[in-house]
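A.B. asks: sequence first, then the predicted structure, then my questions.
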Amino acid sequence: MEMEKVTPRDIIVEKYTHHVLTYNEKPKSVYAFAAENNMEEADFYQYFGSFEAINSAIFVDLFKNTMALLRQNEAFQQGDAQHKLLSFYFTFFEMLTANRSIVLYILKENENHLKTLKVLNELKTEYTDFVESLNIQTPDVIMDNFANIVDRGMSKMSYGQLLFIMKFWMEDTSPSFEKTDVLIEKTMHVGFEVLNTKPIDTIVDLGKFLWKEKVNKK
């Protein structure tokens, strides 16, 4: 398999990540960053308008790398919507974990406001497009008008779920973030069983899990 070439854009992201994680702060300016890395300031602006744009690109890259891996998997390609969404979550959070230091740096200052964090806007677009592409079906027993509301809101609800799990993952201290894996499975089951109009047992199970985690953190 031919190796992908490292682009100047990739190098900028790599150098920026290295600076942030080494000094625990952003470069003082684009000019200083360019000088530090023996590049012209114009080279930076060819790919990014600001350091915030790099932060946003990091999440989009993690999403796209996740999807690239999944598309190489035959089981993913042939799976139903639930299988594909569950596969995405486990793979995406593996990506987040592999890049945990930079992800936490970007999110930590605004972890209580993830829903309004502009740096995640591009990730939201990519993710909601993916969810809509799954064509998740509502059951026939649900009235047509309600089904239309569910369809329109599905991607938004699913994105809220993604942020909820990301917030949990940020605070997860379990080995290999195994509690995040448990939460992913439970929330996926709840989400799809709601559509099948039989959610009571799984909602209770999820509630017990979250309550137990809350109590243990006190």
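C.D. replies: Now that the structure is in, tell me what you want to look at. Keep in mind the model is a prediction, meaning the values are calculated, not measured. Numbers count the residues shown, from 1 in each chain.
A.B. asks: okay, now the unreliable bits of this structure?
C.D. replies: 1-4, 111-112, 137-154, 191-218 (pLDDT under 70).
A.B. asks: the same query, at a cut-off of 80, please.
C.D. replies: 1-4, 109-116, 136-156, 189-218 (pLDDT under 80).
A.B. asks: do a quick rundown of the strands in it.
C.D. replies: Using DSSP state E, no strands are found in the chain.
A.B. asks: how about the helices in it?
C.D. replies: Along the chain, counting by DSSP state H, helices occupy 8-23, 30-36, 41-45, 51-71, 74-78, 81-98, 100-108, 121-133, 144-171, 178-195, 200-216.
A.B. asks: K115 is nearest to which of these?
C.D. replies: Shortest separation from K115 across these is recorded for helix 144-171, at 6.0 Å, computed as CB to CB. C-beta: built from backbone N, CA, C; applies to glycine.
A.B. asks: state the distance from the nearest residue to A57 once chain neighbours are set aside to K186.
C.D. replies: Once flanking residues are discounted, A57 sits nearest to V13: 6.5 Å by CB to CB, 6 or more residues apart in numbering. Distance of V13 to K186, given as CB to CB, to the nearest Å: 34 Å.
A.B. asks: now mean neighbour count and distance to K115 too, for the helices of the chain, in a markdown table please.
C.D. replies: Shown next, in a markdown table, are the helices of the chain (neighbours: other CB atoms under 10 Å; distance: least, CB to CB, whole Å):
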| stretch | mean neighbour count | distance to K115 |
| --- | --- | --- |
| helix 8-23 | 15 | 24 |
| helix 30-36 | 15 | 29 |
| helix 41-45 | 15 | 30 |
| helix 51-71 | 18 | 14 |
| helix 74-78 | 11 | 28 |
| helix 81-98 | 18 | 18 |
| helix 100-108 | 16 | 12 |
| helix 121-133 | 16 | 9 |
| helix 144-171 | 15 | 6 |
| helix 178-195 | 18 | 16 |
| helix 200-216 | 12 | 18 |
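A.B. asks: now render those helices as TSV, adding distance to L114.
C.D. replies: Formatted as TSV, the helices of the chain follow (distance: least, CB to CB, whole Å):
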stretch	distance to L114
helix 8-23	19
helix 30-36	26
helix 41-45	27
helix 51-71	11
helix 74-78	27
helix 81-98	13
helix 100-108	7
helix 121-133	10
helix 144-171	5
helix 178-195	15
helix 200-216	17
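A.B. asks: please name the nearest non-neighbouring residue to E185.
C.D. replies: L86 (7.5 Å).
A.B. asks: quick one: contacts for that neighbour?
C.D. replies: Residues counted as contacts of L86 (CB atoms under 8 Å, 6 or more residues apart in numbering) are I184, E185, M188.
A.B. asks: for the first one, give its distance to N24.
C.D. replies: It refers to I184. Counting by CB to CB, the gap from I184 to N24 is 30 Å.
A.B. asks: can you check the second one too?
C.D. replies: The spacing between E185 and N24, counted by CB to CB, is 34 Å.
A.B. asks: now F168
C.D. replies: Taken as CB to CB, the span from F168 to N24 is 24 Å.
A.B. asks: so K167 sits against L114, correct?
C.D. replies: Yes: the pair K167 / L114 is scored as a contact, 6.1 Å apart, by CB atoms under 8 Å.
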